[in-house]
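S.K.: Here is my input; please provide its structure:
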Amino acid sequence: MSKFDQLWAGEVDRTARGVRLRVFQHTVEQRGGYLFQACSAGQILAALYQGLMNLPPVDAPLLPDPWRGVPGPGRPARTGIKFNSNGLPGYDRFVLSPAQYALVLYAVLIETGRMDEAGMRDYNRDGSSVEMIGAEHSPGMEVTTGSLGQGVSQASGIAMALRLKGETGRVFVFLSDGECQSGEFWEALQAASFHKQENLILVVDRNGCQCDGVMDPVMNIEPFDDRFRAFGCACVRISGHDPLALARALETPHPDRPLAVVCDTDPCYQMEFLRERHPKFHYVRFTQPGQWEDYRDRYEAMAKEAEG
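M.R.: Reported below is the predicted structural model:
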């Protein structure tokens, strides 16, 4: 019997609720935050970290290291890989391509017991690795992926290196749909397909939004799944709010080619009050009188309900 059953899916949903609540708390306390991304991607990332990726266990939640400066003589490069596979052979690797999702990733790491929540005290502070826009030294990250669209290029390079070393681990790259408007993304995909990188797995949050608002009037990327196939990938399209569908999609045979899973999501999932901000579904700011107080009250009500 597969371990990815309704019981597992329920655990993923509970983790995702915890992720949304943590990001909501942060958004209220910091008077701004990437809350829409927690709504659209919470279940996807929770499912990946709760068994869909093959990661070694951690003995205890890890505290993020401080940023030690630009690598150089006597100052070796440090990355956030210890929160994932720690580079151990046979385990999967993870690349977060849209670095603005870092806050959501930190929340997932905390909710799954891989990161100590005390690390969030240093979020976006000078000298901290817990950055607002994550970099290679941030928890759960091992490469810097901004400007957007670079994640697949770097993940493809890691996948090629693993294959050349004879290692069996896969490389998961999580993507936002907005970055898939860029030319570099498609060029990297073409190269990955040419090199038959079946150890490369792309998981896309298709929430239909970007920093300028709704995507389609800026650059329409549909039919998205057909484009992946045209560039040589196997592709499955699912609901991003269905952990079991994601588990089944990752079992799709894809010999000699990458696998792409397009996850259709709602940037206001389980937080319907956010829809009043349409079409600006990128970053929550409080610009109107009483708006922050309203969100504070909503957060406190959600937190009380979660405790009950």
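
S.K.: What are the boundaries of the strands in the protein?
M.R.: 32-33, 93-96, 171-176, 200-206, 209-210, 213-214, 234-239, 259-264, 284-285 (DSSP state E).

S.K.: Any chance of CSV for these, columns mean neighbour count?
M.R.: In this view, the C-beta of every residue, glycine as well, is placed from N, C-alpha and C. Below are the strands of the chain laid out as CSV (neighbours: other CB atoms under 10 Å):
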stretch, mean neighbour count
strand 32-33, 18
strand 93-96, 26
strand 171-176, 26
strand 200-206, 27
strand 209-210, 22
strand 213-214, 14
strand 234-239, 19
strand 259-264, 24
strand 284-285, 18
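
S.K.: Is it possible to get JSON lines of those strands that adds distance to residue 276 and mean pLDDT?
M.R.: Formatted as JSON lines, the strands of the chain follow (distance: least, CB to CB, whole Å; pLDDT from 0 to 100):
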{"stretch": "strand 32-33", "distance to residue 276": "17", "mean pLDDT": "96"}
{"stretch": "strand 93-96", "distance to residue 276": "29", "mean pLDDT": "98"}
{"stretch": "strand 171-176", "distance to residue 276": "22", "mean pLDDT": "98"}
{"stretch": "strand 200-206", "distance to residue 276": "22", "mean pLDDT": "98"}
{"stretch": "strand 209-210", "distance to residue 276": "15", "mean pLDDT": "92"}
{"stretch": "strand 213-214", "distance to residue 276": "14", "mean pLDDT": "90"}
{"stretch": "strand 234-239", "distance to residue 276": "24", "mean pLDDT": "98"}
{"stretch": "strand 259-264", "distance to residue 276": "22", "mean pLDDT": "98"}
{"stretch": "strand 284-285", "distance to residue 276": "11", "mean pLDDT": "96"}
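
S.K.: all helices of the stretch 151-300 of the chain, in order?
M.R.: All helices of the stretch 151-300 of the chain, identified by DSSP state H, counting those that start in this stretch, fall at 151-164, 183-194, 224-230, 243-249, 291-307.

S.K.: Is it possible to get TSV of those helices that adds distance to residue 137?
M.R.: Listed next are these as TSV, based on distance: least, CB to CB, whole Å:
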stretch	distance to residue 137
helix 151-164	15
helix 183-194	23
helix 224-230	31
helix 243-249	29
helix 291-307	30
